[in-house]
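Turn this into a structure:
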Amino acid sequence: MTKSGYIGSYTKKEGKGIYRFVLDESKAAIEKVETGFEIEASTYLARKNQFLYAITKEGERCGIASFRVENDGELVLLNKCLDSVEGTGCYISVSDDGEYLFEAVYGAGIIRLYELDSATGEVVSLIEELKHNYKTGPHERQDHPHVHYAHQTPDKKFVAACDLGTDRIVSYSFNENGYDVAAISEFEAGFGPRHIEFHENGKFAYVVHEIANKVSVTQYVNGHFEEIANYSTLPEEFKGESKLAGVHLSHDQHYLYISNRGHDSIAVFAVNEKGDELEFVEIVPSGDEFPRDFNITEDDNYLVCAHQEGKYKVTVFERHPESGKLSLTDGQHHAAEGVCVIFD
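Numbers count the residues shown, from 1 in each chain. All right, here's what the predicted structure looks like:
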């Protein structure tokens, strides 16, 4: 049996933009990696039904490209909305109803809101481009706001935006007129919140902090995130440079996986039944350099990881459902500058 997916990439060196890969589960290995669509700076992807959305730019103009995914996985370009000159994004997601797209822009410290046509898949317009203006943290990388994530909350009331530069999560309500601030949650100075993974019960969320290399277990209530505890994603004896990156829960909600760039590893934590506590399981090498993102197959049997640097390997891990542990099974294929992994 095979599963297919896409890898988004930088295009600063050898990256092509969007790659398509096929995973052969019978061999626990990647069957092939090919260029899915050559497009500039497609550093994050989002899938909604038969449509795929990608960050892109042309010269100074930045925004989103939309595609229709054909039955054979081919991508057909629908349109582009390049209505900003404030820099390319680093994260995108689509609202549950398919009518809005949220984009986080790290460099400029802004969050964008787009209108989508849920029937055709096209990006209709850029509704708003909102700049963060909060007190920054003490770390040298927190020179100004850096929005790194924007995603709808499980209650579907808000979009939560992680600001690495200001140690905050800002929750917004949104509509056809734009964003309105609904709640602000602050974390310890210098932590640098990057991404959020929500438990399926909607009551707890796991906030990963890029600068501190920690994950916070938080209670989520009506746009607010309150920290319960935090855990390091690195070995205690490690003293080198590392930057936390991707985070994903297994679909059974029993294990949390977090990638470390620099230490070049994936940390594994067990999640208790309630969702409010983590227990360390293991940290395993990712198989190459700078593992910015990975993803887990829907059946929870395999994890596929892309690498932004080194040999750009696409590594495959067999996942052991009972223990959550990972075993490296493949690393023969490559996706240059790969930084985002999604499955069909």
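
what are the C-alpha coordinates of stretch 313-325, in CSV please?
Extracted C-alpha coordinates of stretch 313-325, given in CSV (Å, rounded to 0.1, in the frame of the first residue of the first chain):
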residue,chain,number,x,y,z
LYS,A,313,17.2,13.6,3.1
VAL,A,314,13.5,12.6,3.3
THR,A,315,13.7,10.1,6.2
VAL,A,316,11.1,7.5,7.2
PHE,A,317,10.5,6.1,10.6
GLU,A,318,8.4,3.2,11.6
ARG,A,319,6.3,4.2,14.6
HIS,A,320,5.5,1.7,17.3
PRO,A,321,2.0,2.5,18.5
GLU,A,322,2.3,0.9,21.9
SER,A,323,5.5,2.7,23.0
GLY,A,324,5.5,5.7,20.6
LYS,A,325,9.1,5.0,19.8
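
Let me see the mean pLDDT of that stretch.
For stretch 313-325, the mean pLDDT works out to 98.

Report the buried residues of that stretch.
Lys313, Val314, Thr315, Val316, Phe317, Arg319, Gly324 (16 or more other C-beta atoms under 10 Å). For every residue, glycine as well, the C-beta is placed using N, CA and C.

Stretch 268-282 now?
Within stretch 268-282, the residues that qualify as buried are Val268, Phe269, Val271, Gly275, Asp276, Leu278, Val281, counting by 16+ other C-beta under 10 Å.

And the furthest pair within these?
Considering C-beta to C-beta, no two members of the buried residues of stretch 268-282 lie farther apart than Val268 and Asp276, which are separated by 18.1 Å.

what lines up beside the helix or strand hosting Arg112 in the sheet?
Arg112 belongs to strand 110-116 when assigned by DSSP states H and E. When sheet partners are counted by DSSP bridges, strand 110-116 sits next to strand 100-105 (antiparallel), strand 123-131 (antiparallel).

and that strand, average pLDDT?
Predicted confidence along strand 110-116 averages 98 (mean pLDDT).

if we can go back for a sec, looking at the strands paired with strand 110-116, which is buried most?
Taking mean count of other C-beta atoms under 10 Å as the contact definition, the stretch among these with the greatest mean neighbour count is strand 100-105, which reaches a mean of 26.

Residues contacting that one, please?
With C-beta atoms under 8 Å, 6 or more residues apart in numbering as the test, strand 100-105 has contacts from 46, 53, 55, 63-64, 86-95, 111-116, 123, 127, 147-152, 159, 161-162, 174.

Then stretch 69-88?
Outside of stretch 69-88, the residues within contact range by C-beta under 8 Å, 6+ apart are 4, 18, 20, 36-37, 41, 43, 47, 50-52, 55-58, 60-68, 105-108, 110, 112, 114, 120-126, 129, 344.

Mind checking which of those land in strands?
4, 18, 20, 36-37, 47, 51-52, 55-58, 61-68, 105, 110, 112, 114, 123-126, 129 (DSSP state E).

Buried ones among the residues you listed?
Neighbour counting with 16+ other C-beta under 10 Å marks 4, 18, 20, 36-37, 47, 51-52, 55-57, 62-68, 105, 110, 112, 114, 123-124, 126, 129 as buried within the ones in strands among the contacts of stretch 69-88.

Need the distance between the two termini of stretch 161-180.
Between the opening and closing residues of stretch 161-180 there is a gap of 12 Å (C-alpha to C-alpha, to the nearest Å).
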